[in-house]
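**Student:** Here is my input; please provide its structure:
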Amino acid sequence: MVLNKTENVKCNEDIERERKKCSFDPLELTHLLDGSPEKTRERKEREHYFLSDPELRDTIPQDYLSHKEKYEEAVRKACILFRKVTQLRDKGGDLEIFRQTLSGMLGSAILKDGNPFTLHYVMFLPTIVGQGTVEQQAEWMGKAWNCDIIGTYAQTELGHGTFIRGLETTAHYDPRTQEFILNSPTLTSYKWWPGGLGQTANYAVVVAQLHTKGVCHGINPFIVQLRDEETHKPLPGIKIGEIGTKLGMNATNNGYLGFENVRIPREHMLMKNAQVLEDGTYVKSPSDKLTYGTMMFVRVIILQDMAGYLSKASTIAIRYSAVRRQSELKPGEPEPQIMDYLTQQYKLFPNLAACFALRFNAIWLWNMYNNVTAELEDGDLDRLPELHALSCCLKAVCTADAAQGVEICRLSCGGHGYMTCSSMPSIYGLVTAACTYEGENTVMLLQTARYLMKAWQQAVGGMAMTPTVAYLKLAVSGNNNPQYWENSTVCIIRAYQQVAAGKIKMCAENMDRRIRGGISPEDAWNMTSIELAQCAEAHARAIIVDKFVESVVELNVSSALKTVLRQLSELYAVYWLLQKSGDFLMYSDVSARDIPSLQNWLEVLLSQIRPNAVGVVDGFDICDEILSSALGSYDGRVYERLFEEVSKSPLNKQSVNVSFQKYLKPFLKASL
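**Tutor:** Predicted structure coming up:
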């Protein structure tokens, strides 16, 4: 079956030859990634349902619109998009419709520079479900689900982001009127960054410091109306606006929000976990971490999106590398495809492998999230710290890797990758944003490190360990002595765990040494923080490699496809081992004499993956409308499509621009 082929257009000969080399059926990979042939069919039907609608197409390329025009066009499209989503839902569709239209694939094809409704679906609704009582869910979910109101999630402030305990927005309870009074006491307490807040949302979940009976009880979420439902004008005491242009996501409509004595009913505090009674009595939540439920949910979604964005970048770069010919390998011979250069393969194929590493880990973490959420409903909080630690470090490592990977893919396309019509700049803008939203990555790693320091103490104390940190037992017991090294995934996984355990142990020992030397625990933590962030990254990489290899082993697919996926999993593991070789030489069974054989293994894997690279990205089945790239289309007609894009520039509508007569000609004719 031919995927994504443009009708009546001949494909580039080089890319056609690449497809004939493929040793497996790309359609089998497509079905694997979608879940089944039936789900592939459903996905393609949904894509056609949305992408064939002329109202959802760009009449003018986004790059030629002003900031204001981009936002207005995004709102127009978003209203059409979610009207169509609602129609599908009412016909019996499932939540997959929302995931597809909000994700980095179909969603970013329609709304290329961000979606002003995203936080309504990804954070406003989930927060009501996760933090609201049954009564509150009954009151608000119907309105929000049917888009009678549009919400956002206002947590981050101008002066505080990831450190949410430092938020300054206040909510003082007045028992006489049974209302909360919201205020922004400082400039830095203004909410800053929430998507859709600028001009779109009329309600928000606002996270504020709760004060009652003269005591501050920390952060709690509140539902606050921001704008009149009829006129959309800001309500009294609400100071609201948009924060301006950014590197990317300029149609997301990020905003600012301040409060001046804004009163809301007591019932607008989301009270599933903590409550304020009518007389002002505060009933504490069973766990402070229950407040983080929405953020953990979003971090899991981020992993899925990173896999999608990196898949798009890899598809573009690999198809372009199959078409682009340059320089000479041997004098007098035709210019080779740039994918024949080993250095190009080294840029591309580890990132191709990372697409699967991120995807399989996202699936694993999603399943864990659902299991832990079910346990929370039954009052079981035991696995919540582990989930929180995993969502933090995986979010940090996967977003950083995806951002770096997209940039490497862009660079691998040479100068053409710098053009916006390549789609690389927009993909990078979307991916790199994730390195800071929902938790700045260094802070995320340090949050995981706190969990790991506690886990180390538990291991030292002989306590039971959760599965993801069970490897620490070996480091504590002394059974972590060097073993014979061979180039196998079993040895590699053990080595990753040895590195993580070694770094965790070193951090714990350095912390302890500093504290025994008279340094306060807080200062000792700060002095050790570089190593702590590194141990959390090592822990994340041990998890990612383990779950990637494990997922491939457990797949029920053809031997041909399994061979390719095994090669990719091995490449990912070997690549990062060599990238971090100093750590492996210090903490694992790997010795200096093993490095040359590992380098050779990597180069053999690159050569094995080379014939199947185009087939793998074809298996992603990203249609041209979603890919939206002159360099990465299925037919490989790179140069023709580049010229087609050039014709869309407003500067090419006239052979002589008005600036010639107004400025350039007088300048040229003037006597200087």
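**Student:** C-alpha only now, for contacts and for neighbours.
**Tutor:** Fine.
**Student:** Show me which positions of the longest helix along the chain end up buried.
**Tutor:** Counting residues, the longest helix found in the chain (DSSP state H) is helix 342-377. Within helix 342-377, the residues that qualify as buried are 344-345, 347-366, 368-369, 372-373, counting by 16 or more other Cα atoms under 10 Å.
**Student:** starting at the chain centroid, how far to it?
**Tutor:** 11 Å (Cα atoms, centre = their mean, to the nearest Å).
**Student:** Show me the shaky parts of the stretch 451-600 of the chain.
**Tutor:** 478-482 (pLDDT under 70).
**Student:** now do the chain
**Tutor:** Ranges of the chain meeting pLDDT under 70: 1-9, 93-95, 103-104, 287-294, 478-482, 671-672.
**Student:** what about Asn273, neighbour count?
**Tutor:** By other Cα atoms under 10 Å, 18 other residues sit near Asn273.
**Student:** wait, isn't it in contact with Tyr282?
**Tutor:** No - between Asn273 and Tyr282 there is no contact under Cα atoms under 8 Å: 11.2 Å.
**Student:** Around the residue lying closest to Arg19 once chain neighbours are set aside, how many other residues sit close by?
**Tutor:** Counting by Cα to Cα, 6 or more residues apart in numbering, Arg19 lies nearest to Gly615, which is 6.0 Å off, once chain neighbours are set aside. When neighbours are defined as other Cα under 10 Å, Gly615 has 26 of them.
**Student:** which SS class is Gly615?
**Tutor:** helix (DSSP: H, G, I helix; E, B strand; the rest coil).
**Student:** and the gap between it and Ile318?
**Tutor:** As for Gly615, its distance to Ile318 is 10 Å (criterion: Cα to Cα, to the nearest Å).
**Student:** same thing with Trp485?
**Tutor:** Applying Cα to Cα to Trp485 and Ile318 gives a distance of 34 Å.
**Student:** So which of those two has more stuff around it?
**Tutor:** Ile318 (29 against 15).
**Student:** what's near enough to touch the more buried one?
**Tutor:** Ile318 makes contacts with Met339, Leu348, Ala613, Val614, Val617, Gly632, as judged by Cα atoms under 8 Å, 6 or more residues apart in numbering.
**Student:** Which residue comes closest to the third one once chain neighbours are left out?
**Tutor:** It stands for Ala613. Ile318 (7.0 Å).
**Student:** the helices in the stretch 451-600 of the chain, which residues?
**Tutor:** 472-477, 489-516, 521-527, 529-554, 559-579, 581-587, 595-609 (DSSP state H, counting those that start in this stretch).
**Student:** what's the closest of the ones you listed to Met444?
**Tutor:** helix 529-554 (8.6 Å; Cα to Cα).
**Student:** Check which residues of that closest one are buried.
**Tutor:** So, applying 16+ other Cα under 10 Å, buried residues of helix 529-554: 529, 531-549, 551-552.
**Student:** quick one: that helix to chain centroid distance?
**Tutor:** Put simply, helix 529-554 sits 17 Å off its chain's centre (Cα atoms, centre = their mean).
**Student:** what's the answer for stretch 334-341, then?
**Tutor:** With Cα atoms, centre = their mean, you get 33 Å for stretch 334-341.
**Student:** still on that earlier bit, and the residue nearest to Ala613, how far from Phe24?
**Tutor:** 17 Å.
**Student:** From Ile15, how far off is the residue nearest to Ala613?
**Tutor:** For Ile318 relative to Ile15 (Cα to Cα), the value is 10 Å.
**Student:** can you check Lys21 too?
**Tutor:** Distance from Lys21 to Ile15, by Cα to Cα: 10 Å.
**Student:** same thing with Asn351?
**Tutor:** For Asn351, the distance to Ile15 - Cα to Cα - is 20 Å.
**Student:** before we move on, the earlier item: what is in contact with Ile318 and Ile15 at once?
**Tutor:** Contacts common to Ile318 and Ile15, judged by Cα under 8 Å, 6+ apart, are Val614.
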